[in-house]
Each structure stands twice: as C-alpha cells, then as structure tokens.
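Visitor: please work out how this folds:
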Amino acid sequence: MSKRFIPVIILAAGILGFLFLKMTRPEPAQVSATERSWRVQVQVVEPAVHTPVLPLYGEVVAPEQMLVVAAMAGRISERPVAEGQRVSAGDLLVALDAQDVEPVLAQAKAQVADLEAQIRSEQVRHRNDQAALKSEQAILANAHRQLERTRSLVDRNLASRESLESVTDGAARAELTASIRQRAIDEHPARLQSLEARLAQAEAALATTQRDADRSRVVAPFDGVVTDVQVALGDQVSKNQKLLSVYAIEGLELRARVPDLYRAELMGALAQGKDLFAYSDQREIRFRLKRFAGISDPAGTEAILALAGDSAGLRPGALLPVTLERPERSQAVAIPFSALYGANNVYLMADDSRMQRVSVERVGEALSANGERRLLVAGEALKPGSQLIITHLPNALTGLKVDVASEGSPVQ
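Guide: Next up is the predicted model:
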C-alpha cells in the first residue's frame, strides 16, 4: 500500500469514529420553561371600626398667666417667693414699702378734703350774698327816693345844686354795690360747678391712688408657679416696671398646627360634641381638643388642646409630640406601610396566585395593640377574607405570580 493513502485512511477512521460516537450518545433530557414565582407574605383583610390618629408637635402654653408690674414707684419691701416656686391662691408675691405708698395716698385725700371745704365755703358765701342783696336793694331804693326829693327841692330852689350831685353820687354807689352783689349771685352756679368738677377729678385721682396702693401688695390669684422674677428685696422700682410673673397650674394648653386636610373633619366632630384626645408618649399625659385658632396660614391651622388631668411636671414653653385620635372610621383595614404602592395602591392575591392591583383610600394612621404604627385604608375592593400582599416587591405588577410564604420562611 502506498504511503500516500495513509492520511486518507486515518481521516476516514476519524470520521467513522465520530459517527459511531454520535450514534451511540445518550439522549439529553427535555427541559421545559417554567414561570418563576415570588414568595410573599399576606394579610387576611378584615374590615372593622378603627380610630385613625394624627401625629402632632405642639408647644405647651399657659393661658392663665399674670404679669405683675409696680403700681407706683417705690422700694421692694417684701418678696417671699422665688423663681419656679409653687404658690397657692392668696399667697403674697411682692409688696412695696408702705412709707412710699402712704404719703401719696394722704396727698390725694387732702386734695379731696380741700375741695370739699371750698364747696362748703362757696355755699355759705352764696347765702350771705343773697341776704346782703336784699339790704343793698333796700338801700338803693332809699337812694332813689332821696334823689327824687332832692330834685324836687332843687326845682323849687329849696336845695342847692351841690346837694343834688351828692345825692346822685350816693344813688349811683348804691346801684353799683347792688349790681356787684347780683353778679356774684349769678356766678355762684358756675363757681360751684367748677369746684364740683375739681372735686370729682380729685376723687378720681384718690380712687386711682387708693387702687394703686391696694395693688402695692400683690397676692396670687390662683394656685400657680412663679416665673420671670426680675427684682430683689430693697430694689427701687418705677411705676409699671415688670416685677415677676405667675401662671396657673390648672388649665395648661397645647397649641399644635393641624394640616388643613384634617381641619374640617375635626371641626365637624367638635360641633357634634365628640371628645377627641391626644396622648403623649406617656399615656398619663393627655389633652382634649377644645377649638381651633381664629386664623390660619399655608402650613395649617393651630389647634388648641386643653390638658386633661394632672400636669405631670409640664412647663409652659415645652415642645411636646402627641398623637391625636381622630373620629372613628368603620369598614377600615389597618395594614403595614410596606403594603402600599405609590399614593393609594395595594395588591391583592387573586385566585390564580397572581397579584392584582387595586386602588384604596388612605384614611390615615392607626396604632396597633403593641403600639406599632400602621396605615389605615378603606375601599370597595377590600372584601372580607381577601388576601392582601404585605411584602413590598420592587417589580410588582398585576399578573405577577406569587407564592404565600409560610410563617418563618424567608421572603424573596
């Protein structure tokens, strides 16, 4: 055999071996494409009556707060209280020195007494003027008769011209005296009215001074706490200078801004006489919604909540987070926040184990029995007994196949 056929033989043997191996190879198993399912957790829908809550952040204020100022100038003689001290109604807070108060009061009383004496004097003078006028009018009448007799005598040349002039001067003087007396009598009502007006002014000044003197000793009008003390014993103060403040322990309020979205609902509940309470982290501290402020701004309207129960150490100016219970809502479902997609969408599990997107109404937030915050939703699609998917899937869409994870199983 020629050597040139050796490569051909080797090639033919290789081809035959490949064909043999191909014919005798095992058949591969048929692989069918299967749809992947995502493991999720579900919650059985059970509509019920829930109380939605509204988180608020407010400031504690004291509506009953008295600012004590000096009623008159003087020296501080007593100040038995200190900053932060609790006082009872009637306890002395601060007092001015009596030596600074009594002279001012005595001067006002003396002014009234002086004007009262002037009025009595004017009345006596008026009576005397009336009596004197009668005498002066009689003298004037006699002077006129004397003047007529003298003129008659002069006309008959029985008296001199000088006698007539003397009698005429006497009659004129008598008429002037009576005129002056009559004018004094006519001016009496005006003088008396002026004195009475000055007396009324002096009595008003005395009443003001007496009021300020009474206010020179300030007592607590209610059970409260002293704050903002600005004077010490022996300080010289001027009129209307601020001395200290005191606020009532009872009646503290919380002022918190409520979004306008909830204002109509809350005002409607108040109009119906419902009691709405807000609680802090400490359940013993609670407030009752009383009213809303008269004005609002783009951030909302300020709600005024009254402290119900003991103050529990609260002080005005403290910032306090609270949870306000809104009116109850029926046919609502409390779900975890992870079940919500977008603004108002959730997924239910259909009968074929696929996700079904439905729209719901966001009612608000609610607190579970263990204090966990949950989302409160409602809607016609949330039928009792349906399964709500609470696992949040980034690729969630209607028709996506899912499997319910057993309790304790990992969720994909």
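
Visitor: can we go C-alpha only for contacts and neighbour counts from here?
Guide: Will do.

Visitor: give me the spatial nearest neighbour of residue 226, chain neighbours excluded.
Guide: residue 246 (4.4 Å; CA to CA, 6 or more residues apart in numbering).

Visitor: the helix or strand hosting residue 331 pairs with which strands, and in what direction?
Guide: Element membership for residue 331 (DSSP states H and E) is strand 329-335. Sheet pairing of strand 329-335 (DSSP bridges) gives strand 48-50 (antiparallel), strand 373-378 (antiparallel).

Visitor: mind listing what's buried in the shortest one?
Guide: This means strand 48-50. residue 50 (16 or more other CA atoms under 10 Å).

Visitor: what's the average pLDDT for whatever helix or strand comes next after it?
Guide: Sequence order places strand 53-61 as the next helix or strand after strand 48-50, per DSSP H and E. Taken as a whole, strand 53-61 carries a mean pLDDT of 92.

Visitor: re earlier: which one of the strands paired with strand 329-335 lies nearest to residue 168?
Guide: strand 48-50 (114.6 Å; CA to CA).

Visitor: contacts for that closest one, please.
Guide: For strand 48-50, contacts defined as CA atoms under 8 Å, 6 or more residues apart in numbering pick out 328-334, 366.

Visitor: for stretch 353-373, same thing?
Guide: With CA under 8 Å, 6+ apart, stretch 353-373 has contacts from 50-54, 332, 334, 336, 344-350, 374-381, 396-403.

Visitor: that one: end-to-end distance?
Guide: Using CA to CA, to the nearest Å, the end-to-end distance of stretch 353-373 comes out at 29 Å.

Visitor: re the thing from before, relative to residue 286, which of the contacts of strand 48-50 is nearest.
Guide: Closest to residue 286, out of all of the contacts of strand 48-50 and judged by CA to CA, is residue 366, at 17.3 Å.

Visitor: how near is the closest one to residue 269?
Guide: In terms of CA to CA, residue 366 sits 18 Å off from residue 269.

Visitor: neighbour count for those two, which is higher?
Guide: Using other CA atoms under 10 Å, the more surrounded residue of residue 366 and residue 269 is residue 366, with 24 against 15.

Visitor: which non-adjacent residue is nearest that one?
Guide: In space, residue 366 is closest to residue 52, 4.8 Å off (CA to CA, 6+ apart).

Visitor: that neighbour contacts residue 326, correct?
Guide: Yes - between residue 52 and residue 326 there is a contact under CA atoms under 8 Å: 5.4 Å.

Visitor: give me the low-pLDDT residue ranges for this protein?
Guide: Residues of the chain meeting the criterion pLDDT under 70: 1-5, 20, 22, 27-34, 154, 158-159, 164, 406-412.

Visitor: give the buried residues for the longest strand along it.
Guide: Assignment by DSSP state E gives strand 286-297 as the longest strand of the chain. Applying a neighbour-count criterion of 16+ other CA under 10 Å, one finds 286-290, 292 buried in strand 286-297.

Visitor: quick one: list the elements packing against it.
Guide: helix 260-271, strand 277-279, strand 300-308 (3 or more CA pairs under 8 Å, 6 or more residues apart in numbering; DSSP states H and E).

Visitor: just put those in TSV and tack on distance to residue 108.
Guide: Shown next, in TSV, are these (distance: least, CA to CA, whole Å):
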stretch	distance to residue 108
helix 260-271	54
strand 277-279	55
strand 300-308	46
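
Visitor: so which of those comes closest to residue 170?
Guide: Of these, nearest to residue 170 by CA to CA is strand 300-308, at 89.7 Å.

Visitor: what strands line up against that closest one, and which way round?
Guide: strand 253-258 (antiparallel), strand 286-297 (antiparallel).

Visitor: and of the helices and strands packed on strand 286-297, who's closest to residue 230?
Guide: strand 300-308 (28.9 Å).

Visitor: who's in contact with the closest one?
Guide: Contacts for strand 300-308 (CA under 8 Å, 6+ apart): 251-260, 263, 285-293, 295-296.

Visitor: how far does it sit from the chain's center?
Guide: 8 Å (CA atoms, centre = their mean, to the nearest Å).

Visitor: do the same with stretch 224-237
Guide: Worked out by CA atoms, centre = their mean, stretch 224-237 lies 26 Å from the chain centre.

Visitor: what's the span of that stretch from first residue to last?
Guide: Taking CA to CA as the criterion, the two ends of stretch 224-237 lie 24 Å apart.

Visitor: how about that stretch: buried residues?
Guide: 224-227, 229, 231-232, 237.

Visitor: which of the residues you listed lies closest to residue 145?
Guide: Closest to residue 145, out of all of those and judged by CA to CA, is residue 237, at 75.2 Å.

Visitor: picking that back up, just the element for the residue nearest to residue 226, please.
Guide: strand 242-248.

Visitor: contacts only, for residue 72.
Guide: Residue 72 touches 101, 212-213, 216, 238-240, counting by CA under 8 Å, 6+ apart.

Visitor: by neighbours, which of the residues you listed wins?
Guide: residue 216 (23 neighbours).

Visitor: so it sits against residue 73, correct?
Guide: No - if you go by CA under 8 Å, residue 216 and residue 73 don't touch, sitting 9.5 Å apart.

Visitor: which stretches in the stretch 1-150 of the chain count as strands?
Guide: 38-40, 42-44, 48-50, 53-61, 65-69, 74-78, 86-87, 92-96 (DSSP state E, counting those that start in this stretch).

Visitor: quick one: which of those is nearest residue 139?
Guide: So among these, strand 74-78 is nearest, using CA to CA, at 62.5 Å.

Visitor: what's in contact with the closest one?
Guide: Counting by CA under 8 Å, 6+ apart, 93-97, 100-101, 231-238 sit against strand 74-78.

Visitor: wait, which of these is closest to residue 198?
Guide: Nearest to residue 198 among these: residue 101, at 23.2 Å, using CA to CA.

Visitor: quick one: residues contacting the closest one.
Guide: Contact analysis of residue 101 by CA under 8 Å, 6+ apart lists 72, 74, 213, 216.

Visitor: now for those residues, which pair is the farthest apart?
Guide: Top of the distance list for these (CA to CA): 74 and 213, 10.9 Å.

Visitor: any idea how far residue 108 is from residue 208?
Guide: From residue 108 to residue 208 the distance is 9 Å (CA to CA).

Visitor: wait, I meant residue 316
Guide: Counting by CA to CA, the gap from residue 316 to residue 208 is 34 Å.
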